[in-house]
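*Asks:* Sequence isn't available, so here's the structure alone:
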């Protein structure tokens, strides 16, 4: 068999997605791999297909129990020999799995990094051709989810077979250039094949709302998605409790998840969500890594996360099957205060290191600029990860806002003058520092370099930081200033003289003022107060009532998708749910929503036709083909 045979016969697909074929070929040629691929891009197939082709057992190091269970269940459904080792197994189940490993009955073994030491004693008895590290960004302390246990993975790999080191393949969905460098170094990858397939996920719609009150804004969002599955992220346990209680009071199908609950309740609530017994889960960021639930159609951030990497990974848990999904952030200025508190008051010794605290505060500023800016949200996200993007995506709330052509010549001159005055002192800085100078910040760095003595210090003190940022970006786009990219990008002078000499003007599109409709708000619990002692960053938040028009634009903004017969789709979902209950697996393990929609479009009534459905391999064809084709046939005949 080859990679194409396994792709079709085992997993039910006829073509590889971008990057998958290249990664598989690199692994099969014996090369280490570092692959950065967005959630939903099919990272799992990149190592699962080689694992099925290589002799021996591939080890997959994975951070969470829920991820292992989902991956193993999906592989077993497809007829693959897969297992996991983690604390959820009973003694009997653990011994059974170890016996299967010794008898060479396992092709893919999923294991948590904390349990690698126990496996070390058995590595001499089995052939291990490849070790896969999922969520590889966890190895870097500069990533958004550093885990100490990942630091010891390289030692484990070195100890497997000194004569024939296994192929090492590292995968992650979100990683900056610095984190990617850390992954390569700390996992001791040898001349790896590196690929970044692009961070953009066109099926996701991004929206930032700045409501005066969040609870009614949240209720409006959910009313428009009442029969859909979604995740609501909150910054604190207290917010989780308040939001979940409110939604329960409004008869939404909701559960909750945070570290303050007992292990039993967390597991029960997570299973209720995964098995579609509850449509909504309200959670802190303790929930979600490794959750492979494919039918999540929206993620709402009730509070702004601490950094863009966390936001993009959490938002990316929607639309995993490629169908349209919404990523909505409800922002107000208190979010910044809460995150400053969480960053500065951590009890973790490593996280409390002054250098790391300063780093995390800078990341928070980047996230704040995303939430408060007026440029394309998709562009802002992609640029953060070092990827070029057009200024207009047509599929985010900013791009769908009505804009007015605005003369920003005077503001552009002030920005350019600041960069020029810095150059006179042989200084150059990045965008954030320039904005701090223009707005009259008096932070430690400003004082240390005596930048508060510049003639341009505080000349834009009454201008919102996000407005300065979007004009600065536009001036760079126009070549008036330049962005010198590197590990620490700095702004330098470009073709600036015509502007200062008043030989050119600068116009750009900025959001037009709109009259917002008055909305009656229910009483909203106040999330208090331990955070009020900390002053926010120098970012002025613009609070406004939520526009009904902006919410409706979410629905209109979806990418073109062939319509499906909703009655048939609901019937197929009901059948899928019954099968899943009988087999005690989540419904999406049987078939994804994308597969059900493909059935609606193609309406197969024979097993041969059913085999052409995306996601139908030979095992699923034999197990489920008859039931689904009979249902479709009965529906067509009426």
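*Replies:* Yep, it's here. Just so you know, these numbers come straight off a predicted model, no measurement behind them.
*Asks:* pLDDT score assigned to the closest residue to residue 597 other than its chain neighbours?
*Replies:* With sequence-adjacent residues excluded and distances taken as Cβ to Cβ, 6 or more residues apart in numbering, residue 597 is closest to residue 564, at 4.9 Å. Backbone N, C-alpha and C define where each C-beta goes, glycine included. For residue 564, the pLDDT comes out at 85.
*Asks:* So what's the residue count around residue 564?
*Replies:* Neighbours of residue 564 under the rule other Cβ atoms under 10 Å: 16.
*Asks:* ditto for residue 226
*Replies:* Neighbour count for residue 226, taken as other Cβ under 10 Å: 11.
*Asks:* shaky segments in the chain?
*Replies:* Along the chain, segments meeting pLDDT under 70 span 143-144, 288-291, 346-352, 485-487, 511-562.
*Asks:* And the strands in the stretch 151-300 of the chain?
*Replies:* Using DSSP state E, counting those that start in this stretch, the strands found in the stretch 151-300 of the chain span residues 167-172, 193-196, 204-209, 229-233, 254-257, 280-283, 296-301.
*Asks:* now do the stretch 351-500 of the chain
*Replies:* 403-407, 481-484, 490-493.
*Asks:* can you list those in a markdown table and add mean neighbour count and distance to residue 615?
*Replies:* Below are the strands of the stretch 351-500 of the chain laid out as a markdown table (neighbours: other Cβ atoms under 10 Å; distance: least, Cβ to Cβ, whole Å):
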| stretch | mean neighbour count | distance to residue 615 |
| --- | --- | --- |
| strand 403-407 | 12 | 41 |
| strand 481-484 | 17 | 43 |
| strand 490-493 | 18 | 48 |
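*Asks:* The nearest residue to residue 222 once chain neighbours are set aside and residue 205: what is the separation?
*Replies:* Of all residues not flanking residue 222 in the chain, residue 252 sits nearest, at 6.2 Å (Cβ to Cβ, 6+ apart). Going from residue 252 to residue 205 by Cβ to Cβ, to the nearest Å gives 21 Å.
*Asks:* quick one: which of these two has more around it?
*Replies:* Each of residue 252 and residue 205 has its neighbours counted (other Cβ under 10 Å); residue 205 has more, 27 against 18.
*Asks:* okay but that one is in contact with residue 393, surely?
*Replies:* No - applying Cβ atoms under 8 Å, one finds residue 205 not in contact with residue 393, separated by 9.6 Å.
*Asks:* And the strands of the stretch 151-300 of the chain: which comes nearest residue 408?
*Replies:* Closest to residue 408 of the strands of the stretch 151-300 of the chain is strand 204-209 (Cβ to Cβ; 21.5 Å).
*Asks:* Give me the residues contacting that closest one.
*Replies:* Strand 204-209 is touched from outside by 217, 315-316, 318-319, 324-331, 370-371, 377-378, 381, 395-398, 546, 550, 554, 557-558, with contacts defined as Cβ atoms under 8 Å, 6 or more residues apart in numbering.
*Asks:* 7 Å instead, please
*Replies:* For strand 204-209, contacts defined as Cβ atoms under 7 Å, 6 or more residues apart in numbering pick out 217, 315, 318-319, 324-331, 371, 377-378, 395-397, 546, 554, 557-558.
*Asks:* sorry, back to before: save the strands of the stretch 151-300 of the chain as TSV, and put in distance to residue 494 too.
*Replies:* Listed next are the strands of the stretch 151-300 of the chain as TSV, based on distance: least, Cβ to Cβ, whole Å:
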stretch	distance to residue 494
strand 167-172	35
strand 193-196	28
strand 204-209	30
strand 229-233	40
strand 254-257	49
strand 280-283	45
strand 296-301	36
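*Asks:* Many thanks, we can stop here.
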